[in-house]
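Student: predicted model, plus sequence, below.
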Amino acid sequence: MRTDQELNAEKRIGIPRGFYSYKYSILWETFFREMGFMVVFSGESNRALFQNAVNRFEKELCLPMKMYLAHIELLLDKSDFQFIPQIEMLDDGNWTCPKIIAIAEMANVLFKDRLQALTPVVRIESSSYTIGCLERIAVNTADILDVDDKTALHALRIALIRQHEHIRAKTSALNKKSPGAIRLGVIGHSYVIGDAVCNFSILEKLRHIGVELVFPENLQKKDLDQGFSQMQVYADRYWVSDFELLGAYFCMQGDPEIDGIVYLNIFGCAIDSVLEEYIQTSKLRKKKPYIKIVLDEGQNHVSMNTRLAAFLDLIQMRKGLKNLMNEEKLFG
Amino acid sequence: MARDRKKVTMPHMGSISYVVGKFLFEKLGFEVMIPPPIEQRTIREGIRLAPEQFCMPLKISMGDIKRCLEMGAEAVVYPTEVGACRFRRYWNIIKLRLDECFQKDIPFFPLIGGNVLQSIMEIAKREKLSISLKQCLDLLRTAAEKVDRVTQIEELVDRVFPRTEWKQDLRVITIDHRNKVFATDSPAKLDSLTARTKQEIESLPQNSHEIPKLLMIGEIYDLLEPAVNHNLVQKLGRMGAEVKKAIGYNHLLGLEAYRLKEAMAKTRNKTEAVFMEHFSQISKFGGLGAHNISFARMAKKMGYDGIVHVYPFGCMPEIIAKPFVEEIARKDHIPVLFVELDEHFHEELFDSRLEAFVDVVYGLYGQKMNRIDHA
């Protein structure tokens, strides 16, 4: 890895926090750093950014998209180029989401000349073309930044290795459950789990009172595969999140260590509304306590705490535990 | 075939269920049940049964199907497509809910947009119907011809409607023509029938005022089904504005491909050319969102005085298209009205919004004094 002194400070690459940057930030950061550019992140979401996002952008967009646009705006003066890929298809030709596909074009319309963006189209129609596709994107991006192909491909190779290590570290992070503790499975898009403002710090609160959490990224790919195959109604994969969320849901249903499942559902998200429907109608639905939390900008912390406390009480009662003090802990 | 024919049903979308659906599936050997016209009861039942976060088209078509299933239909035909929009999964969601509601496995026949031929062959295979590929292709060609004739007349009616006082007659003529088109198969006869209807419409007394023209873009179901958009076209017509729909029945199932005529290909290429001017590539963010942006872009050039953008609440492609359409309208100095439809509707508020919009259009048109108001 290059040190900060070696980097070119004249062309700063901005990576706004949002959507797939939560999943692939290691890949993107390493790629640009290895090519010799300084990388600027927009930092964690905060209350001020949230207010700006809610007031300023199109009302009907989903919360993560508004947050992403706010992050882009934050980076306008801090970076020379922003990296906003148009991710259409991933894995085996699975669609991402209309909003993620159109985000770069929308940012162009909103910020006009103020925004200089690198917007490669990621369209991986078959997993066997993944490397070829990424190499093409790397070369095209390098052309815009005046970097030769060889350096770009080398940078990509190192970045892919780093990303792979990162994924492996995530999947092996799952420890044995400590006795007496509650372990919850949390499903939701990576950008909802990663952004504390989008998920209204639910995960932070749960961790604070000693609940262990398992996310889709902690699960092995083969487990997700197996979980997804349990969904009888519709065998065809269509969105990327299909596999990730439904696979994780059914996998968690079969895991004896997990006591309950939380679904972080974004209001106005088409994909969430469909997946939620599959979960509701599935035959395995009643095996474990399950709570769906719909998140939007009008969310109330007090009512959320009450719901979470009731859910945790339910789990503890099922386990035969007596100390039902969740509400006090959450509010305290 | 007098033996037990399976009763199939399909949801409404303008005239397409009468013209294409009924024709195709009766020829295939089914008995077709068309749902009763969309009314309050349909909407109420749809809303009660459908999952809450879904858009209006799913809820209403669910109501349609449920009412027909109650009346004895055995299978359901539902259109679907390929793209990033959730429309592709709609038939599956409806099936899950209705299976639970009726406590049985209801067979669904999805018709894939742009690939109707293959879908019909699959249905034939599943139901063990004896139909060859050529027969099926011929059927689709006839269906495409029919859709084209119905579209021609409906477009003419939209044009004549604000200019004549014989508005009730227009409605009767349209329905009559639709029924005749359903009964006629040969293209030559269809041509003469359409020519006769056109003559009939044009012979109605019309005034010769110049009136502004509006382009209506948006989500296809809301655009084409008058019961869902609350007769938007006729309302605007009564206020003295002519409305042209940018998208026709053809876009849903891609039937124009079966007509094999150059003219159809040409109009499609024109939109795609506009696409390529403004997008680095044809960005498919689902539904007809990207198409609508290019239609909006063309509106000024094609001589329209305003844009009406219609979409259901929660429609992802159209919400993305909205900021683009806004930007285009600002650049081109063309007034635009966004109509967002869901199950909550207030007639008077809706009317006053339309009136205000028509006033703006007239103000820009510079002909406010000539305004005809039959409402």
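Tutor: Yep, that arrived. All values derive from a computational prediction rather than experimental measurement.
Student: report the distance from the helix or strand where residue B:359 lies to the chain centre.
Tutor: Taking DSSP states H and E as the definition, one finds residue B:359 inside helix B:347-365. Taking the mean of its C-alpha atoms, helix B:347-365 sits 24 Å from the chain's own mean (Cα atoms, centre = their mean, to the nearest Å).
Student: give the buried residues for that helix.
Tutor: By neighbour count, with 16 or more other Cβ atoms under 10 Å in any protein chain shown as the criterion, the buried positions of helix B:347-365 are B:350, B:354, B:357-358, B:361-362, B:365. Where C-beta positions appear, they are placed from N, C-alpha and C, glycine not excepted.
Student: with stretch A:85-94 instead?
Tutor: For stretch A:85-94, burial by neighbour count (16+ other Cβ under 10 Å) applies to A:85-90, A:94.
Student: and those near chain B, which?
Tutor: The residues of the buried residues of stretch A:85-94 that also fall near chain B, by Cβ under 8 Å from any Cβ of the partner chain, are A:86, A:88.
Student: how near is residue B:161 to residue B:81?
Tutor: Here the distance between residue B:161 and residue B:81 works out to 31 Å (Cβ to Cβ, to the nearest Å).
Student: next: residue B:293.
Tutor: From residue B:293 over to residue B:81 the distance is 18 Å, taken as Cβ to Cβ.
Student: nearest residue to the middle of chain A?
Tutor: Here the mean C-alpha position of chain A is nearest to the C-alpha of residue A:190 (Cα atoms, centre = their mean), at a distance of 1.7 Å.
Student: so which elements touch the helix holding residue B:359?
Tutor: Of the remaining helices and strands, those touching helix B:347-365 by 3 or more Cβ pairs under 8 Å, 6 or more residues apart in numbering or on different chains; DSSP states H and E are helix B:232-238, strand B:306-312, strand B:336-341.
Student: show me what the second one is packed up against.
Tutor: Right, the one you point to is strand B:306-312. When contacts are defined as 3+ Cβ pairs under 8 Å, 6+ apart, strand B:306-312 sits against strand B:213-218, helix B:220-224, helix B:232-238, helix B:289-299, helix B:316-332, strand B:336-341, helix B:347-365.
Student: contacts for the helix or strand hosting residue B:95, please.
Tutor: When secondary structure is defined using DSSP H and E, the element that contains residue B:95 is helix B:90-102. Judged by Cβ atoms under 8 Å, 6 or more residues apart in numbering or on different chains, the contacts made with helix B:90-102 from elsewhere in the structure are A:233-234, A:274, A:277-278, A:281, B:49-51, B:54, B:57-58, B:61-62, B:65-66, B:69, B:76, B:78, B:80, B:105-106, B:108, B:110.
Student: after it, which helix or strand is next? Please name it.
Tutor: Assignment by DSSP H and E places the next element after helix B:90-102 at strand B:108-112.
Student: could you give the mean pLDDT of that following strand?
Tutor: The average pLDDT within strand B:108-112 is 88.
Student: what's next to it, contact-wise?
Tutor: Among residues not part of strand B:108-112, those counted as contacts by Cβ under 8 Å, 6+ apart are B:8, B:75-82, B:91-92, B:94-95, B:118-120, B:123, B:126, B:253.
Student: ok, stretch A:169-179 next?
Tutor: Contacting residues not belonging to stretch A:169-179 are listed as A:183, A:212, A:214, A:217-220, A:257 [Cβ under 8 Å, 6+ apart].
Student: so what would you say the end-to-end distance of that stretch is?
Tutor: 24 Å (Cα to Cα, to the nearest Å).
Student: what strand or helix carries residue 150?
Tutor: With no chain named, the answer covers chain A. For residue A:150, the enclosing helix or strand under DSSP H and E is helix A:149-171.
Student: think we crossed wires, I meant chain B
Tutor: Per DSSP H and E: helix B:133-160 holds residue B:150.
Student: pLDDT score for residue B:273?
Tutor: Residue-level confidence at residue B:273 comes out at 56, pLDDT.
Student: just residue A:201 next, same as before
Tutor: Residue A:201 carries a pLDDT score of 87 in this model.
Student: how close does it get to residue A:55?
Tutor: Residue A:201 sits 21 Å away from residue A:55, going by Cβ to Cβ.
Student: quick one: average pLDDT of the helix holding residue B:359?
Tutor: Mean pLDDT, computed over helix B:347-365, is 90.
Student: what does that helix contact?
Tutor: In contact with helix B:347-365 (Cβ under 8 Å, 6+ apart) are residues B:212, B:214, B:230, B:232, B:235-236, B:239-241, B:305-306, B:308, B:335, B:337, B:339, B:368, B:371.
Student: which residues of chain A score low on pLDDT?
Tutor: Where chain A drops to pLDDT under 70, the residues are A:1-5, A:232-235, A:284-286, A:321-332.
Student: just the strands in it please.
Tutor: A:8-15, A:37-41, A:81-83, A:86-90, A:94-95, A:117-118, A:121-123, A:183-187, A:212-214, A:260-266, A:290-295 (DSSP state E).
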